[in-house]
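**Q** Kindly return the folded structure for what I paste below:
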Amino acid sequence: MLVSLTDWAKTQFKEPPSAATLRVIAKTRQTYPPAIRLGTRWVIDENAEFIGMAAPTAITPGLSDGAHELVKRALHGS
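**A** Okay, here's the model as predicted:
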């Protein structure tokens, strides 16, 4: 069954992260199975587990300044 990220976080963490942090966790696929975006909402399997980052995410150095900033925002939120 799919549930919202905030409802899922209440069962996974002693102190649930902020909504912004949960969106970063979803975008960077730090759960298994990964969260799914439905329209403007993120949902996740109620039995999903938080696994964290498997490896650091590197941004390609050859990007223009604008593209680099966009990728940085997508990976780190804001």
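**Q** What's the mean pLDDT across the lengthiest strand in the chain?
**A** Counting residues, the longest strand in the chain under DSSP state E turns out to be strand 41-45. Mean pLDDT, computed over strand 41-45, is 95.
**Q** From the contact counts, what lies against the helix or strand just after it?
**A** Per DSSP states H and E, the first helix or strand lying C-terminal to strand 41-45 is strand 49-50. Of the remaining helices and strands, those touching strand 49-50 by 3 or more CB pairs under 8 Å, 6 or more residues apart in numbering; DSSP states H and E are strand 31-32. From N, CA and C alone the C-beta is placed, and that goes for glycine too.
**Q** With only the CA atoms kept, save the longest strand of the chain in PDB.
**A** The C-alpha trace of strand 41-45 is given here as PDB (Å, rounded to 0.1, in the frame of the first residue of the first chain):
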ATOM      1  CA  ARG A  41       3.000  14.300  -4.300                       C
ATOM      2  CA  TRP A  42       5.600  11.800  -3.400                       C
ATOM      3  CA  VAL A  43       4.300   8.400  -2.200                       C
ATOM      4  CA  ILE A  44       6.100   5.400  -1.000                       C
ATOM      5  CA  ASP A  45       5.400   1.700  -0.100                       C
END
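**Q** So what touches that strand?
**A** The contact list for strand 41-45, computed with CB atoms under 8 Å, 6 or more residues apart in numbering, reads 1-5, 8, 22-23, 26, 31, 33-37.
**Q** Good, we can wrap up now.
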